[in-house]
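Student: no FASTA, just this:
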């Protein structure tokens, strides 16, 4: 018994850590995607934001976020060490051995959770790019990763009651890996910031014309998308929570298969729709289509068949193209399409869960989606508003024209091409 426990404990813990490392690699994907889709004069600043927000997320979740999300379990107090004898005793009396649940280091659970927090904050970065003050963004990152996201996470994965009134899980809410908990939350925070921030100068004209502002490096954006695609296997696969028995090993394999199928179908669907709408094979829409497929399948990647996963991903790819076009018509300026990818596809992903998971209900999914959006959007709007009053959140028109690389960072990403180096 003890030998079996040690083996499963080591296997599940190692699997958790590897998947967490894959999700951490998604930070590089977001950085590359956003750097490729902004103009050259703002590249260094967007990269600085992505590195800094990841570090802030790690610190804030360590200081207080994990404790809020999981009812007082504070890592700074020393939680994370394991008494093997007592842990073995906890499982020894169970008739199913270790089949009924995952057994892994608490520290590995923290590591896996903290990279999800950083993912939610990374979504905000791209949506407010090219016109937000760096330090205002970082101040918001403190609030988002230390309080706003953890409290919402406590109502969902943490299993706590929403404002003491009801538990979402009891209502039939299910979000396997975070279409709503992570992606919709990030999109809601981004939307609140974008509404207060306003559009980039020259994006929309007074006569209603929409001007395209091309990204500076589409090869980099493509690389970022493939990094995210790869990291998503850890994002969804790790959410199975264990690997140490046949049933869960098969579940992991199915999650990987469905995740990949949804991304591929999303990319193809977006490509076809872009050709129909714009008469061109728009690469940015293809990239966002793949990401939308990934977001859509994230709420439940374990129960659909491969065909169902492909259909869900394809619908996500179609929805993201339509959503990007619609937001532009509403003059909501999102340079990378983050609100559409993570918000629109995130809601869609939540709503389709009951089609393949009998444990979820449409009412529960709607309740979860509304709760997540209202809380994160409302709390974010308040924080953005306070920051706007105290320090301002938008750079001056002159600074925006010059570019934020030199203004905020004193460095240019491409000095040989932008003229500062002769």
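Tutor: Received, thanks. All of these numbers come straight from a predicted model, not from anything done at the bench.
Student: pretty sure residue 155 is in contact with residue 161, am I right?
Tutor: Yes. Contact criterion Cβ atoms under 8 Å: residue 155 and residue 161 qualify, at 7.3 Å. Every residue, glycine included, has its C-beta placed from N, CA and C.
Student: Show me what counts as buried in stretch 401-414.
Tutor: 403, 404, 405, 406, 407, 408, 409, 412, 413, 414 (16 or more other Cβ atoms under 10 Å).
Student: Please disregard the earlier target; I meant stretch 293-309.
Tutor: Neighbour-count burial for stretch 293-309, with 16+ other Cβ under 10 Å as criterion, is recorded at 293-304, 308-309.
Student: So what's the residue count around residue 345?
Tutor: Neighbour count for residue 345, taken as other Cβ atoms under 10 Å: 34.
Student: Quickly find the element holding it.
Tutor: Using DSSP states H and E, the element containing residue 345 is helix 345-351.
Student: In three-state terms, how would residue 175 be classified?
Tutor: Here residue 175 is recorded as coil under DSSP: H, G, I helix; E, B strand; the rest coil.
Student: how about it, what does it touch?
Tutor: Taking Cβ atoms under 8 Å, 6 or more residues apart in numbering, we find residue 175 in contact with 156, 157, 181, 299, 350, 353, 368.
Student: Show the contacting residues for the fourth one.
Tutor: When contacts are counted by Cβ under 8 Å, 6+ apart, residue 299 touches 174, 175, 176, 177, 178, 179, 180, 346, 349, 350, 352, 353.
Student: Next, count neighbours for residue 32.
Tutor: Neighbour count of residue 32, defined by other Cβ under 10 Å: 23.
Student: returning to that earlier point: quick check, nearest of the buried residues of stretch 293-309 to residue 193?
Tutor: Proximity to residue 193 was ranked across those by Cβ to Cβ; first place goes to residue 295, at 19.2 Å.
Student: wait, the closest one sits on residue 345?
Tutor: Yes. Between residue 295 and residue 345 there is a contact under Cβ under 8 Å: 4.0 Å.
Student: Mutual contacts of those two, please.
Tutor: Joint contacts of residue 295 and residue 345 (Cβ under 8 Å, 6+ apart) are 179, 183, 316.
Student: CSV for these, including secondary structure and neighbour count?
Tutor: Output for the shared contacts of residue 295 and residue 345, formatted as CSV (DSSP: H, G, I helix; E, B strand; the rest coil; neighbours: other Cβ atoms under 10 Å):
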residue, secondary structure, neighbour count
179, helix, 32
183, helix, 34
316, helix, 34
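Student: Please convert those residues to CSV, extending it with pLDDT and distance to residue 325.
Tutor: Conversion of the shared contacts of residue 295 and residue 345 to CSV gives the following (pLDDT from 0 to 100; distance: Cβ to Cβ, whole Å):
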residue, pLDDT, distance to residue 325
179, 98, 22
183, 98, 20
316, 98, 15
